[in-house]
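Student: Here's a sequence, model it:
(chains A, B, C and D, ligands or ions: 6)
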Amino acid sequence: MGLKQTAVNLAGIKMKNPVMTASGTFGYGLEYADLIDLDKLGAIVTKTITPEPRCGNQQPRIFELPYGLINTIGLQNVGLERLLSEKLPALRKITRTPVIASIGGYTTADYVKSVKGLAGSGVAGIELNISCPNVKTGYKLKKTNYLTISQNPGKTYRLVREVKKNTRLPLIVKLSPNVTDITEIAASAEKAGADALCLINTFPAMAYAGSGKDKYSVPIFGGLSGPCIKPLALRMVHQVCRTVKIPVVAMGGIMNGEDARDFLQAGAVAVAVGTGNFVDPGIIIDIINALQDTDGLPPRHKDTKKKGIS
Amino acid sequence: MGLKQTAVNLAGIKMKNPVMTASGTFGYGLEYADLIDLDKLGAIVTKTITPEPRCGNQQPRIFELPYGLINTIGLQNVGLERLLSEKLPALRKITRTPVIASIGGYTTADYVKSVKGLAGSGVAGIELNISCPNVKTGYKLKKTNYLTISQNPGKTYRLVREVKKNTRLPLIVKLSPNVTDITEIAASAEKAGADALCLINTFPAMAYAGSGKDKYSVPIFGGLSGPCIKPLALRMVHQVCRTVKIPVVAMGGIMNGEDARDFLQAGAVAVAVGTGNFVDPGIIIDIINALQDTDGLPPRHKDTKKKGIS
Amino acid sequence: MTRLNCNIISRKEFSSRYISLSFFAPAISRSVMPGQFVMVKIPGERFFLRRPFSVCRTARDSFDIVFKVVGAGTEKLGQMKKGDILNIIGPLGNGYPFMTHDPKQGIPFVLIAGGTGIASLYFLARCLKPGRGKVSSPVVFLGARNRKELIFRPELIKMGYEVLTATDDGSAGRKGFVTDLFSSWLHSPKGFRPSVIYSCGPRLMLKKTAKIAEEENVPCFISMEEKMACGIGVCMGCAVKTSDKKEEYKRACKEGPVFRAEEIEWD
Amino acid sequence: MTRLNCNIISRKEFSSRYISLSFFAPAISRSVMPGQFVMVKIPGERFFLRRPFSVCRTARDSFDIVFKVVGAGTEKLGQMKKGDILNIIGPLGNGYPFMTHDPKQGIPFVLIAGGTGIASLYFLARCLKPGRGKVSSPVVFLGARNRKELIFRPELIKMGYEVLTATDDGSAGRKGFVTDLFSSWLHSPKGFRPSVIYSCGPRLMLKKTAKIAEEENVPCFISMEEKMACGIGVCMGCAVKTSDKKEEYKRACKEGPVFRAEEIEWD
Ligand SMILES: Cc1cc2nc3c(=O)[nH]c(=O)nc-3n(C[C@H](O)[C@H](O)[C@H](O)COP(=O)(O)OP(=O)(O)OC[C@H]3O[C@@H](n4cnc5c(N)ncnc54)[C@H](O)[C@@H]3O)c2cc1C
Ligand SMILES: Cc1cc2nc3c(=O)[nH]c(=O)nc-3n(C[C@H](O)[C@H](O)[C@H](O)COP(=O)(O)OP(=O)(O)OC[C@H]3O[C@@H](n4cnc5c(N)ncnc54)[C@H](O)[C@@H]3O)c2cc1C
Ligand SMILES: Cc1cc2nc3c(=O)[nH]c(=O)nc-3n(C[C@H](O)[C@H](O)[C@H](O)COP(=O)(O)O)c2cc1C
Ligand SMILES: Cc1cc2nc3c(=O)[nH]c(=O)nc-3n(C[C@H](O)[C@H](O)[C@H](O)COP(=O)(O)O)c2cc1C
Ligand code: FES
Ligand code: FES
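Tutor: Ligands and ions are numbered 1, 2, ... in the order given. So this is what the prediction gives:
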């Protein structure tokens, strides 16, 4: 049984296999270089950067559950300039794997500034993070929060269209699962010119982080990731793959080859591993091997019998 | 350390403790009578009934995950008439615990018919299920699906107002978590006259149910419940308790006393146990004991420091 | 129906994948009927739901289950040892009705078991007096993947049953489906139209059995396995489609698991 | 930094809640420096994230950790036995810089440990030559809940350190905070302004230590514990607020866990 063909073309980004890293769980690609062979990855997605550096939220930022993780990092990042001057050149030195830069911001201008800055930087594509639940503002503030505008189809449309005008790089739009109907948002992004979609970002969640008597003094609000969100992510990927024509990158609780195959079967062109990297940095390589060793990529869009809500 | 005072008044329903059963996980209250003392419960919520009996969805209806459950029962129920003539009288014979009837339907008339039928039946309150993800229609059908109208504030408002006009019983409106902003829906229900809110129903989810070669032939779509949804439910309960004045019944993955206390701390007046009943029918009694034995009910609405999205 | 912490008092391996456990549980052993089942809580948080197993034998104070390792839950269950304690709810469901010899004709009954389906039928076989009708002894048709999985055969023979076997791989008895074996036996010189058929096994096998029973016009009771969340009738997860006008979907855990074969709507 | 499956070669119980484990791992033992830590994968699916532990001792081919059972993860870790294999990533982070005696004055250093904070400081104590300055031996201030939790005291004395202890319940040494002990020692006849302070322990203790160090104008290095998801610098979960203009939040796992005390922005 030889290795199976696993190369995919994601909106023009040529990947040797459909497995990439999820933004925010792989730093700027450099940190894992000691532990795994970066050349084996399909693509590397960097931590979301903003034009200016950001310092992120207060502690605690991490809350572990038996089946997932709540994080409230708040987009701590080195900023566009250091990404361009330090991180990308360093990464390029150690691997040829395509690098996708994830960008975030507070205004349309922020996003435009970042895509312009990334032109000619050597990145293979851009991921538009408009779905981070961890940045100030949120449910009480009525002001537009760009980092959650993927909860609104009109705003999504306008931002994506504007960004698209300013870059020739493949544009992947990352969506929030925290919406009534994700197909509506997906359609807006597609119409506005997105080359691919990425779903899903984390779910807004909450836990009481302390223990014993202190417990209720520290409510932690943040994004939920990990195995527990997989059934929700899979449903959304399945839905969206049946309503848009552009390719979908799927993620949400992928921990092994079988999880990855489920998402590919549901229609995704590529998958990303996030929280799994923390559990074990070797997971992503195991997943790539599993896809190559067993039966290759599953046939997509083949569900025939459908049940329940579909 | 004596037993702590745990009685609560839920919109006029006097409960000896704040722990009730979640609709659809406790049948019509009769089935568990051999195993647990029904008199100990705060309230019993019946399986959602529709005016006519319903036979529900095809097999498989249950998919187990290590941290939750996907079900696609499809509201199999005996119908209003048998509820009134068989189930409620039988239940009344064996317990004095308040019974709340959960009702569903396909038209406003269905709901109105059920509440009218329930007048004088001895039930202590009515739960309006407008959030079941498991009934035909769903994401592809554009036709109004009454069982998911809690995804739309306007429709929620109109249905609740209409039902409220036709009953004097306390009306608890059960909401779907599958919305962009649950506070908006909660506010509509409150404005329309709901006496209490119940959150959350299950999340639309998907899994491939087979194994090995057959795996991808059986995609199962259904509602996700159990421990994995707790961080999402807790976030929504916390949000809603800060935006409405009417009491909230909270549920989603409650498996022990600590889970129950988390929701009460977040602001809920009562909690419901669903999937936990399957794991162990004794769980609900353990939870009641835990609330009585330890520190009584936690002080509510007391979070001061807030982090992340709040 | 009770919920008990039950001590495992013995464990037997038929093969590495067929294991039987005995539980100390007088409250269950003294009331359970053949065809009824128990819901076993398998230790470990990841086994969220209890697992249903038929009772296959009882003693005064204990009962046995026998199961095949098919997934993570049965894998874990198979690792349990004498002295371990498991939480069990039972007895659950409705068992097989005892209709055996046709009193006028003395015609014996027949049991048709596929795979682990033998569990509940073995218990039934122990409770019914095999006796000997005018025609012949009651016959047990035993189907399995291979020789190793043909369990309880010696015990059944000793009790006075005639046992005919079929295996998928031909490693014992006839190669092929047990229903085909039954069918050709029926039309063979030794065959007879039984007074009643009891059957438990894979869905397809039950469907074929039901068809033959209908053709031959023999009363037939089958035990149906469906995925169960609660096992006691509250979740409606285990619905079986029936021809009943009033209650189209019946609960395998409550109205079943034993049904009259003609009631079932096969698809 | 490597990722290895490490065999537990010995296990020691200081008390039922203080346990130490030795792992066979030449790749780690030969390169790890005091103050560095490892991320241990605790068996069982429910332990989603790895747990960080300081290295407290090394031999040629092995290293030790010592930990207190505080939650489900350390509980499980405490049940591990000789021969069990755990997956470990390390060494991680930056250790304590070696600045010890003030060369001109011969003034010794001081270690201040609270609770499990002794782990990394014990390793440091073993690597630094305690020697004896003009003034006195280096001093270890050891604070813990109670007598039982004051670990490594005999070993430190044997190595030539002076060890002063404080316990919350007064069951050994002075009753109260170790920082108060340090503070009154400083102003006592035996006290001296140390050449450098190394400290590890609860946040509040570190904050107080930092304050004293600042007042006395002594260089001070502290090791900070923050919740960690990755331990290798990718998740930004372990951020520590610093006065650094360029990088306000530093990563405890990458730029730390050892920081210069004056860098930290306490709140
Ligand atoms: C009334 C009844 C009696 C049964 N009696 C026996 C018996 O005596 N001996 C025996 O070996 N098996 C019996 N089974 C089947 C047995 O319950 C399953 O093999 C077992 O639950 C598989 O668990 P698992 O974790 O190993 O498999 P997994 O496939 O990992 O289980 C995943 C989920 O699917 C359910 N499931 C899987 N297979 C079945 C099945 N065939 N029927 C129902 N649910 C299933 C499990 O309960 C669990 O919820 C019976 C089933 C029912 C409904
Ligand atoms: C760099 C570093 C070195 C450490 N060295 C030691 C040591 O040598 N000996 C020792 O006993 N302890 C040490 N700790 C603390 C140790 O990691 C925690 O006690 C342990 O993770 C608790 O796990 P648990 O599952 O028992 O607790 P739980 O509270 O159930 O853990 C839940 C989550 O919180 C995290 N967590 C809990 N307490 C802490 C803490 N104090 N610091 C960081 N994360 C925490 C856990 O890692 C886990 O992700 C160190 C921590 C850090 C950051
Ligand atoms: C610690 C952490 C940080 C994250 N940071 C980002 C980020 O900067 N940008 C982004 O688009 N997504 C971010 N995510 C979301 C992940 O990329 C991913 O969408 C999500 O975690 C679901 O995948 P998983 O379940 O495999 O982790 C972050 C997730 C985690 C856990
Ligand atoms: C098998 C099953 C059937 C359910 N049926 C109903 C129902 O009929 N009506 C309803 O409002 N909710 C129904 N629910 C949802 C529960 O009442 C509850 O809202 C949900 O399961 C979350 O709580 P849990 O995590 O404690 O189970 C059902 C849930 C399950 C698991
Ligand atoms: S398994 Fe729940 S009703 Fe049968
Ligand atoms: S723990 Fe992930 S960056 Fe430090």
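Student: hey, where'd the helices end up in the stretch 201-310 of chain A?
Tutor: A:230-241, A:257-266, A:276-279, A:283-293 (DSSP state H, counting those that start in this stretch).
Student: so can I have TSV of those showing mean pLDDT?
Tutor: TSV is the format used below for the helices of the stretch 201-310 of chain A (pLDDT from 0 to 100):
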stretch	mean pLDDT
helix A:230-241	96
helix A:257-266	94
helix A:276-279	94
helix A:283-293	92
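Student: Let me know which of those is the nearest to ligand 3.
Tutor: helix A:276-279 (5.6 Å; CB to the nearest ligand atom). (C-beta placed from N, C-alpha, C; glycine too.)
Student: show me what contacts the residue nearest to C:S137 when sequence neighbours are not counted?
Tutor: Leaving aside its chain neighbours, C:S137 sits nearest to C:E162 (4.8 Å; criterion: CB to CB, 6 or more residues apart in numbering or on different chains). Contact partners of C:E162, counting by CB atoms under 8 Å, 6 or more residues apart in numbering or on different chains, are C:S136, C:S137, C:P138, C:V139, C:V140.
Student: what sits opposite the last one in the beta ladder?
Tutor: Taking DSSP bridges, one obtains C:L111, C:V163 as the residues bridged to C:V140.
Student: so what's it up against?
Tutor: C:V110, C:L111, C:I112, C:A113, C:L121, C:A125, C:L156, C:Y161, C:E162, C:V163, C:L164.
Student: Recalculate using a threshold of 10 Å.
Tutor: C:109-113, C:118, C:121-122, C:124-125, C:130, C:152-153, C:156-157, C:159, C:161-165, C:198 (CB atoms under 10 Å, 6 or more residues apart in numbering or on different chains).
Student: Same question for the third one.
Tutor: Contacts here follow CB under 10 Å, 6+ apart; on that basis C:P138 touches C:100-101, C:107-111, C:125, C:128-132, C:156, C:159-162, C:194-196, C:198.
Student: repeat that with 6 Å
Tutor: C:P108, C:F109, C:P130, C:Y161 (CB atoms under 6 Å, 6 or more residues apart in numbering or on different chains).
Student: Model confidence for it, exactly?
Tutor: With respect to pLDDT, C:P138 has a value of 87.
Student: Tell me where the model's unsure across chain A.
Tutor: Low-confidence regions of chain A, defined by pLDDT under 70, span residues A:1-4, A:135-147, A:294-310.
Student: OK, now which residue of it is nearest to ligand 2?
Tutor: For chain A, CB to the nearest ligand atom, closest residue to ligand 2: A:E64, 4.0 Å.
Student: Check the stretch 1-150 of chain C too.
Tutor: C:E45 (14.4 Å).
Student: what do you get for the stretch 151-267 of chain C?
Tutor: Counting by CB to the nearest ligand atom, the stretch 151-267 of chain C gets nearest ligand 2 through C:A229, at 29.4 Å.
Student: surely C:A119 meets C:V66?
Tutor: Yes: counting by CB atoms under 6 Å, C:A119 does reach C:V66; the two are 5.0 Å apart.
Student: These two: which is more packed in?
Tutor: More crowded of C:A119 and C:V66, by other CB atoms under 10 Å in any protein chain shown: C:A119, with 27 against 23.
Student: where's the more buried one relative to D:R57, distance?
Tutor: Between C:A119 and D:R57 the distance is 56 Å, computed by CB to CB, to the nearest Å.
Student: Equivalent analysis for C:A239, please.
Tutor: 62 Å.
Student: ditto for C:K241
Tutor: 67 Å.
Student: what do you get for A:I284?
Tutor: Distance from A:I284 to D:R57, by CB to CB: 33 Å.
Student: Give me the more crowded residue out of these two.
Tutor: A:I284 (28 against 19).
Student: need the contact list for the more buried one.
Tutor: A:I284 neighbours (CB under 6 Å, 6+ apart): A:V273.
Student: Which one of the contacts of C:E162 is nearest to B:E258?
Tutor: C:V140 (51.8 Å; CB to CB).
Student: In the stretch 101-250 of chain A, what residue lies closest to chain D?
Tutor: A:G226 (6.6 Å; CB to the nearest CB).
Student: Now the residue of the stretch 51-200 of chain A found nearest ligand 6. Its backbone dihedrals?
Tutor: Closest to ligand 6 within the stretch 51-200 of chain A is A:I62: 7.5 Å, counting by CB to the nearest ligand atom. Note on A:I62: its backbone torsions stand at phi -130, psi 130 [degrees, to the nearest 10].
Student: which SS state does A:N178 fall under?
Tutor: With DSSP: H, G, I helix; E, B strand; the rest coil as the basis, A:N178 sits in coil.
Student: Bridged to the nearest residue to it once chain neighbours are set aside, which residues?
Tutor: Of all residues not flanking A:N178 in the chain, A:P204 sits nearest, at 5.5 Å (CB to CB, 6+ apart). Beta-bridge partners for A:P204, by DSSP bridges, are A:G223.
Student: burial count for A:P204?
Tutor: 26.
Student: Quick check: it touching A:V179?
Tutor: No: using CB under 6 Å, A:P204 makes no contact with A:V179, being 11.1 Å away.
Student: and stretch A:14-33, which residues are buried?
Tutor: For stretch A:14-33, burial by neighbour count (16 or more other CB atoms under 10 Å in any protein chain shown) applies to A:15-33.
Student: how about the residues of chain A near ligand 4?
Tutor: Counting by CB under 6 Å from any ligand atom, no residue of chain A lies close to ligand 4.
Student: residue with max distance from the center of chain A?
Tutor: Ranked by distance from the centre of chain A (CA atoms, centre = their mean), the top residue is A:K213, with 36.8 Å.
Student: From chain C, how far out is that residue?
Tutor: 26 Å (CB to the nearest CB, to the nearest Å).
Student: got the contact list for that residue?
Tutor: Counting by CB under 6 Å, 6+ apart, A:K213 has no contacts.
Student: How much space separates it from D:K227?
Tutor: For A:K213 relative to D:K227 (CB to CB), the value is 19 Å.
Student: next one: C:M1
Tutor: C:M1 is 45 Å from D:K227, by CB to CB.
Student: what about these two, which has more around it?
Tutor: The residue with more neighbours, out of C:M1 and D:K227, is C:M1; 21 against 17, by other CB under 10 Å.
Student: ok, the more buried one touching B:D34?
Tutor: Yes: contact status for C:M1 versus B:D34: in contact at 4.6 Å, counting by CB under 6 Å.
Student: Of all the residues in the stretch 201-310 of chain A, which one is nearest ligand 1?
Tutor: Closest point on the stretch 201-310 of chain A to ligand 1, by CB to the nearest ligand atom, is A:E258, at 13.0 Å.
Student: and residue 108, how many residues sit next to it?
Tutor: Using chain A. A:T108: 17 neighbours (other CB under 10 Å).
Student: Chain C was what I was after
Tutor: 25.
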